[in-house]
Every structure is written in structure tokens, then in C-alpha cells.
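Undergrad: Just need the structure, nothing else, for what follows:
(chains A, B, C, D, E and F)
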Number of protein chains: 4
Amino acid sequence: MPKIVDHVQYRKELLHKSFDLFAEKGYSVTMRQIAQGLGVSTGTLYHYFPSKESLFEQLVVELYEQDILQFGSEIKQANTLSERIEAGFQLLEKHQDYFFKQMMVWIDFSQHQDREGKEYSDVLKQVEEKVYTAMADLLGIADRDLLLFVSSLVDGLIIGQMYGEAPSIARQGKLLAKMLTAYLEKEQRTLN
Amino acid sequence: MPKIVDHVQYRKELLHKSFDLFAEKGYSVTMRQIAQGLGVSTGTLYHYFPSKESLFEQLVVELYEQDILQFGSEIKQANTLSERIEAGFQLLEKHQDYFFKQMMVWIDFSQHQDREGKEYSDVLKQVEEKVYTAMADLLGIADRDLLLFVSSLVDGLIIGQMYGEAPSIARQGKLLAKMLTAYLEKEQRTLN
Amino acid sequence: MPKIVDHVQYRKELLHKSFDLFAEKGYSVTMRQIAQGLGVSTGTLYHYFPSKESLFEQLVVELYEQDILQFGSEIKQANTLSERIEAGFQLLEKHQDYFFKQMMVWIDFSQHQDREGKEYSDVLKQVEEKVYTAMADLLGIADRDLLLFVSSLVDGLIIGQMYGEAPSIARQGKLLAKMLTAYLEKEQRTLN
Amino acid sequence: MPKIVDHVQYRKELLHKSFDLFAEKGYSVTMRQIAQGLGVSTGTLYHYFPSKESLFEQLVVELYEQDILQFGSEIKQANTLSERIEAGFQLLEKHQDYFFKQMMVWIDFSQHQDREGKEYSDVLKQVEEKVYTAMADLLGIADRDLLLFVSSLVDGLIIGQMYGEAPSIARQGKLLAKMLTAYLEKEQRTLN
DNA sequence: AATGAATGAGAATTCATTCAT
DNA sequence: GATGAATGAATTCTCATTCAT
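TA: Numbering: from 1, shown residues only, chains lettered A, B, ... in the order given. Here you go, the predicted model:
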């Protein structure tokens, strides 16, 4: 009788465990280091993932799907746009380390794909689309430009941690909320 | 007398030529590839740069110093804050490929340093400070939060190119200009 | 189950096989040459030894431990000090090539460590202490100065092979035996 | 008019200056390091010495010729064999660092030659012969074996510095003097 | 005479992947 | 299913020597 193992389940477990390793070392962690970190042999790693690339890709997908869920449950409690934005940015600040790592992993992956001459991964495109849709939905912003504005600001703030001092993300959220309010009010007046 | 070569000048030349290589392959270009790309031997490369790290660092410095000058000459012609922001974002859009590459190079370097356990490079800190000061100066924005807001948005938009479709940076500039105007007007009213 | 290999055993085997290579070329044999000489790949070599330095160090330890055993079994048969010294020097002469190589390996290693700014290796210190203790024990000499005298002479004779003509080590042993005898007799008389 | 330079003289000067560099790093100092240390260019170095090997060889010759002179002037003042030996060993101890370096340089060179498959250098043989003759002359020892005995002991004591603690060379000299005296007296008695 | 830029072969070491067990 | 030994090409960096100036 073979060991009873839920292949799919075990794969996910390995994936989650490997996040920190990738976050810490980027795409350049060696398969040996990952194997060691997971407490399995390299052989086993290759048994579950056909290649390092595949492992990395699956990891990215996992991460973002999980995030969308987290943000959803956190933001939905707020009612006005301002409140939602502030709530979102607070969450962002709370886990800024994590989001930073995650973004770096994403960038690492994109760059790596790019360098291999590979097309921008379909899998990534889907993840990205989901994130975008979720944002629109959660913040209740339909305007594409506005959405891009907010998400760019978020990306920029996350990236900002790279430069020495960590910026106050929550304060930036409040600033954004005020600006948006002022902007939308003015637009409203103009239309009338 | 030795072969006549302006060491400093030639070094800069090599630096500029190597940008595309780093942009394309990231920090993982090999010294051999760089040497080949520059049409010199690896030995020569090491004659001018003590290590790959040093070469990379010097490259980053060069790039940003050059950029600050470019932005300076472009923006100073505009008068109002709105015009300046729009001018800046137009320049950003015009060379978005270049800025994207540049940011990726910066990120690559930071991550690499980080993984080596090295402190965030002093040289980089200086460059960063210069960029920040230049921004404050050119846009005439003194408020630290507002400055961070703008620069984060810019970073986010640049990074945004990573996701498939290139966003319209210029349009985002206009949006920012409007939002800022609305925000500042409202703040003004509030104070009175 | 993995390939069945006794890691420890195989490591020792590789070690012994590599002696001639180090003896012949000194610390400057390349890892490639060693790998080739051992009939394994460089990768495998690094699988067993984390670095060239480590390989070298382990080799030195192996060598001297082996030697102490050899000398022990050879000398213990003799009874008087004179006989023991002569027996020891005969063994020395018999394998003078080997001992020369070995000393060169030791010197090479020490110098190499020194140049790297490393402390005189603890491992080496231990080996050295063992050798010294073994000598004192085998020859039955307790006086530290006398022991140093004999061991220095031995070192000098071994080194002497470097200069063209190989000296007659056995004859020097006899000379030492005579001198020691004369010296000890005289000391004895003086004390009375 | 060319610079007036005594080629031979300048060569010697360079040679002496380069000793410390070789002593510190062994044969593996790079020609660049030497050039830098001497305050000349690599080109100039090659102008005076056809190769690294030649430079090294000439250095060894210089060193030993100088030493012979030093020992000569120091020892000649003593009259009896015992006194001469003690004087010699005192000098040895006084400059033990220097003699250690010097021996290491010699060994390095010999090994290097050996590995290149080159014959034991004629130049070295001559130096060696000179040293030997000088020793015989200074100590007034004609017996070849006895001479070898003393010189081996010296070599061994010098090498001994490699092992951690520096031995008391002077004390060993006294011991040697006593042993020699006892031995020679006994021989004398035997002959009568 | 003197310079130092240029070379390129070769060094130690790493790493994704395979495969016999 | 699981293991980890084995691979070898590729990486960064070094260095004696040459040669145009």
C-alpha cells in the first residue's frame, strides 16, 4: 500500500512553505535550499514540481489569490469610499513587509520570464485581472483611470519600502481619500 | 607614456554602453556578456571596474544623475504646478520604456544587495536624496507627504508597465493635476 | 532510497587518492585536476568537500594520523634510546620522498592559511600536538628542549632534500644517537 | 639625453625592495602588486626583469649573499667552536622572523620550479654551495656529516616557527654546543 | 626608458536537473 | 513515492605578459 497523500493538497502545502524562501532570496534561491527549507529532498521537490520555474509560477498564483480574499473580508465592512480606502491602506501598512516581499517576488518572476524571452505569462494575466476586478468591486470605483491611479499609488508605496525609510502608508491613504473627495466634489459641481 | 586613454571618460562610456545589457538581463548578465557587448575583454572590464557590483552601482548613479538634469531642463519652462506636473508626466510617458528599465535595474540592484546581507548602499541613498530634492524643487512642493504621494504614483505608474498593457501616464498626470488642484483649493477654503 | 554510498568512507577514499596530486603540485593543484585524478566530476568533489581549503585540511590531518601509527609500530620494537633513534631515522630515510612531500604539503597549507590572514588552524595545532606527544612517548624523551632538538633536526633533514643531493638520513641518525649518548653521559657525570 | 641610471644598481634596489612583498605573499604576489609596491609600472618591472621567475631567482641570490656576509662579520669575533655556535644561533634568534621568511621564499621558489618540471636551478645550487662553504669556514667544521647535522638543525629550527610557538633558538644553540663538545671529547678519548 | 591598458586562458565555485536505488 | 549522489556547463574574478604610445 502506498502512503496516502493528497497530491494536490501536499503540493499546496509545499508552495506556502516556500514563500519565505523566495521572498528572502528571490528567484535565486537554489532548489537545494528550497528542498532543505521544506524538509524534503531535491528529488521529492522535482517529483511535485517539474521545474523551478513552475514552482515559482504556482507560488505567485497562490499568493495573490489568497490576498484578494484577505482584502475582501477586511474592506467590506467599511461603507464610504473614504473609509474603504483608509481601511485598505491600513491593511497595506499593517502587512507592508509581506506586501513588499510579494511584490518583489512578482517582479522577480516577470523579469525572469521576460529574460527567457517568454511571453508575459497567461497565468499572471489572469491573476492580475482578478486583482483589478476585486479592487474595482471593493472600492466601488468604476472609472478605469481612477482605478489605475489608486492601484499605481499603492504599487508605488509598496515599492517605496525599498528606499530606506518606510513611508507611512496609512497617512498616504488618508491623503488619497481627501484628494479623491475634493476631486469628485469639484467634478460634481462642474457637471451641474 | 601609456596608451592615451582618458580613464574617467572611457569609464563613463563603458557605463553608458552597458545600460542596455543590464536593462535587458538584469543583474544576472554575466561579466562575459557585458564585456562582449562592450567589445572589450573581461580583463579590461575588470581593469575599469573592480567588480560587477561596483560596475552596477556606478551605472545606477550615472543614470539618475543624467535623469535629474533631463527633467530639470524640461520642466523648468512650465509655470504653474499643473503645467509642471503635466510636463513631467509627458516626459515620463515619452521615455516610459527607458524609465521602466531603469527602475528595474534599481530594484534588481537593491534586491541583490539585500540578499548579500549588505546595508542599503550609501551611494544609492545619496542618489535617492538628490532625486527627491530635485522633485521638490522642480514641482515647488514643500510638503513631504504630498511629495511622497506624487513620487509613489510615479513609481507605481512606471512599475505598471510590467503588467501587460502600458498605462497612459500622461493622462494620469492630468488626473493628478486636477486632483491636486481640487485638493489644494479645498484646503485653502477650509483654512479661511 | 538513495544511491548506496558510505559517505564517510568514500570521503576518506577520495582523500587518500588525492595525496599524490597535492604532493606533486602543492596547494596549487586545481580542483579540476583533482576531480580528474579521482575520476569524479568537480561537482561531486564539492559534494564531498565544501571547499578546496577544507579538502586540503582534511588531507593533512589524515596523513599525520596515519604516520603516527606507522612510526609507532616500527619503533616500539627497539629498546634503548639509541636503537629507537636509529630505527626512527631509518624509517625516515626509507620513505624520505614521502615525508618530504608531506612536509611540503604542510608548509603549503600553513603558508596559504597565513596569507589568507587566517589564524593558525586549530586542527593543525591538534595534529601537531599529537605528533609531539607521540615522539616523546616513542623515544622516551621527557625533556622539552631535547625533544625540540630532535624534532628540529628531523624537520631540517627532511627539508634538506629540497637542496639537490639527498642527505643520508640514517647516518645522521647514528650521529645523533652518538651525540645524545655522549651528552647524556657527560651530564650524568656532572651531576655526580 | 637619457636619464642617467645605473641599470645594475637600480635592479638591485628593486630587488631588495621586493623582498618583503615576496615574504608576505610568497611566490603568488602578482607582478602588479610588486610594481605597485616598488612604485613603478608593470612595464618598468618587465624592463628590468624578463619574467617573474627571473625576478624571484635573482632575489634569492641577493638575499643569501647578503646573509653570508652578515654571519661572517658576526661570528668571526668568537674563538671557540662553542662560542661560535652560540653566536650564530643568537643571530639566528635575533632575526628569526627574517630567516623564516627567507626560508619560506626559498621553499616557495624550489617548489615552484619543481612543479614547472624545471631542473633544480643552477643558480640556487651555487648559492647553496656558498652557504655551505661559509658555514664550514666560520664554524671551523670540516666533517661533512657534522656540518650537515648543524645545518639541518638550523633549518629545522627556522621551520619550527611555522608551528605556533616560536622555539628558543638560542637555547637550542647552547644545547648543540654542549652536545658537540661532549661528543667531540668522547671521540677524542676513543681515538687515544 | 617608462607607462599602464589590454588580453584571455584558467582559477574556484555553484546549481538545475537526472537517475540509480 | 522518495532519496541524495552525480553531473558539467556556467559564473565571477585573477594574472603574467605584451605592446602601443
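Undergrad: On the pLDDT front, check the residue of chain A found nearest DNA strand F for me.
TA: Distances between chain A and DNA strand F by CB to the nearest atom of the strand are smallest at A:G43, namely 2.2 Å. For glycine as for every other residue, the C-beta is placed from the backbone atoms N, C-alpha and C. According to the prediction, A:G43 has pLDDT 92.
Undergrad: Just give me the neighbour total for it.
TA: For A:G43, the neighbour count with other CB atoms under 10 Å in any protein chain shown is 9.
Undergrad: buried set for the host helix or strand of it?
TA: Following DSSP states H and E, the helix or strand that holds A:G43 is helix A:42-48. By 16 or more other CB atoms under 10 Å in any protein chain shown, the buried positions in helix A:42-48 come out as A:45, A:48.
Undergrad: Run the contact check for that helix versus DNA strand E.
TA: Yes - using CB under 7 Å from any atom of the strand, helix A:42-48 reaches DNA strand E at A:42-43, A:46.
Undergrad: quick one: A:I75 from chain C, how far?
TA: The gap separating A:I75 from chain C is 50 Å, by CB to the nearest CB, to the nearest Å.
Undergrad: any idea what sits nearest that residue, other than its immediate chain neighbours?
TA: Take A:I75 and drop its neighbours on the chain: the residue closest to it by CB to CB, 6 or more residues apart in numbering or on different chains is A:L138, 4.8 Å away.
Undergrad: Could you list the low-pLDDT ranges of chain A?
TA: Scanning chain A for pLDDT under 70 picks out the ranges A:1-5, A:117, A:165.
Undergrad: Give me the residue at the spatial middle of it.
TA: A:Y64 (4.7 Å; CA atoms, centre = their mean).
Undergrad: That residue and A:E129 touch, don't they?
TA: No - counting by CB atoms under 8 Å, A:Y64 stays clear of A:E129, with 10.7 Å between them.
Undergrad: from the middle of its chain, how far away would the helix holding A:G43 be?
TA: Computed by CA atoms, centre = their mean, to the nearest Å, the separation of helix A:42-48 from the middle of its chain amounts to 26 Å.
Undergrad: List the buried residues for whichever strand or helix holds A:L91?
TA: In the assignment (DSSP H and E), A:L91 maps to helix A:81-94. By neighbour count with 16+ other CB under 10 Å, helix A:81-94 contains the buried residues A:82, A:84-93.
Undergrad: Including distance to chain C, could those go into a markdown table?
TA: Listed next are those as a markdown table, based on distance: CB to the nearest CB, whole Å:
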| residue | distance to chain C |
| --- | --- |
| A:S82 | 58 |
| A:R84 | 54 |
| A:I85 | 53 |
| A:E86 | 53 |
| A:A87 | 51 |
| A:G88 | 48 |
| A:F89 | 47 |
| A:Q90 | 47 |
| A:L91 | 44 |
| A:L92 | 43 |
| A:E93 | 43 |
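Undergrad: any idea which of those residues is the one closest to A:M104?
TA: A:L92 (15.3 Å; CB to CB).
Undergrad: Which residues of chain A lie near DNA strand E?
TA: A:28-32, A:42-43, A:46, A:51-53.
Undergrad: Which strands or helices does whichever strand or helix holds A:L180 pack on?
TA: Under the criterion of DSSP H and E, A:L180 resides in helix A:169-191. Contact here means 3 or more CB pairs under 8 Å, 6 or more residues apart in numbering or on different chains; DSSP states H and E; on that basis helix A:169-191 packs against helix A:81-94, helix A:144-160, helix B:144-160, helix B:169-191.
Undergrad: Extract the CA atoms of the third one and return them as PDB.
TA: What that stands for is helix B:144-160. The C-alpha coordinates for helix B:144-160 follow below in PDB (Å, rounded to 0.1, in the frame of the first residue of the first chain):
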ATOM      1  CA  ARG B 144       6.700  66.000   2.500                       C
ATOM      2  CA  ASP B 145       3.600  63.900   2.300                       C
ATOM      3  CA  LEU B 146       2.500  65.400  -0.900                       C
ATOM      4  CA  LEU B 147       5.900  64.800  -2.400                       C
ATOM      5  CA  LEU B 148       5.800  61.200  -1.300                       C
ATOM      6  CA  PHE B 149       2.300  60.900  -2.800                       C
ATOM      7  CA  VAL B 150       3.500  62.200  -6.200                       C
ATOM      8  CA  SER B 151       6.700  60.200  -6.300                       C
ATOM      9  CA  SER B 152       4.900  57.000  -5.300                       C
ATOM     10  CA  LEU B 153       2.300  57.500  -8.000                       C
ATOM     11  CA  VAL B 154       5.100  57.900 -10.500                       C
ATOM     12  CA  ASP B 155       6.900  54.800  -9.300                       C
ATOM     13  CA  GLY B 156       3.700  52.900  -9.400                       C
ATOM     14  CA  LEU B 157       2.900  54.000 -12.900                       C
ATOM     15  CA  ILE B 158       6.400  53.100 -14.100                       C
ATOM     16  CA  ILE B 159       6.100  49.700 -12.500                       C
ATOM     17  CA  GLY B 160       2.700  49.400 -14.100                       C
END
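Undergrad: neighbouring contacts of that helix?
TA: Residues outside helix B:144-160 that contact it (CB atoms under 8 Å, 6 or more residues apart in numbering or on different chains) are A:107, A:148-149, A:151-157, A:159-160, A:167-168, A:171-172, A:175-176, A:179, B:85, B:89, B:92, B:96, B:99-100, B:103, B:132, B:135-136, B:139, B:141, B:166-167, B:169, B:172, B:176, B:180.
Undergrad: out of the residues you listed, which are buried?
TA: The buried subset of the contacts of helix B:144-160 (16+ other CB under 10 Å) comprises A:107, A:148-149, A:151-157, A:159-160, A:167-168, A:172, A:175-176, A:179, B:85, B:89, B:92, B:96, B:99-100, B:103, B:135-136, B:139, B:141, B:167, B:169, B:172, B:176, B:180.
Undergrad: give me the subset of those touching DNA strand F.
TA: Among the buried ones among the contacts of helix B:144-160, not one lies near DNA strand F by CB under 7 Å from any atom of the strand.
Undergrad: Do the particular helix or strand that has A:I34 in it and chain C come into contact?
TA: Taking DSSP H and E as the definition, A:I34 sits inside helix A:31-38. No - counting by CB under 8 Å from any CB of the partner chain, chain C is not contacted by helix A:31-38; separation bottoms out at 10.8 Å.
Undergrad: So which other helices or strands are in contact with that helix?
TA: Packing partners of helix A:31-38 (3+ CB pairs under 8 Å, 6+ apart): helix A:7-25, helix A:42-48.
Undergrad: Tell me which residues of it come out buried.
TA: Here helix A:31-38 shows A:34-35, A:37-38 as buried, counting by 16+ other CB under 10 Å.
Undergrad: One more: stretch A:101-117?
TA: Neighbour-count burial for stretch A:101-117 flags A:101-114 (criterion: 16+ other CB under 10 Å).
Undergrad: how much does the helix holding A:I34 deviate in direction from helix A:7-25?
TA: Counting by axes from the mean of the first three to the mean of the last three CA atoms, to 10 degrees, helix A:31-38 lies at 110 degrees to helix A:7-25.
Undergrad: Restrict helix A:31-38 to CA atoms and write it as CSV.
TA: Coordinates of the C-alpha atoms in helix A:31-38 are reproduced here as CSV (Å, rounded to 0.1, in the frame of the first residue of the first chain):
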residue,chain,number,x,y,z
MET,A,31,16.4,24.2,-5.4
ARG,A,32,18.5,22.6,-2.7
GLN,A,33,17.9,25.4,-0.4
ILE,A,34,14.2,25.1,-1.0
ALA,A,35,14.2,21.4,-0.5
GLN,A,36,16.1,21.8,2.7
GLY,A,37,13.8,24.5,3.9
LEU,A,38,10.8,22.3,3.2
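Undergrad: distance between that helix and the chain's centre?
TA: On CA atoms, centre = their mean, the centre of helix A:31-38 falls 23 Å from the chain's centre.
Undergrad: what does stretch A:111-129 give?
TA: Averaged C-alpha coordinates place stretch A:111-129 at 15 Å from its chain's average position (CA atoms, centre = their mean).
Undergrad: and if you look at stretch A:23-41?
TA: 21 Å.
Undergrad: near DNA strand F, anything from it?
TA: Yes - using CB under 7 Å from any atom of the strand, we find that stretch A:23-41 touches DNA strand F at A:40-41.
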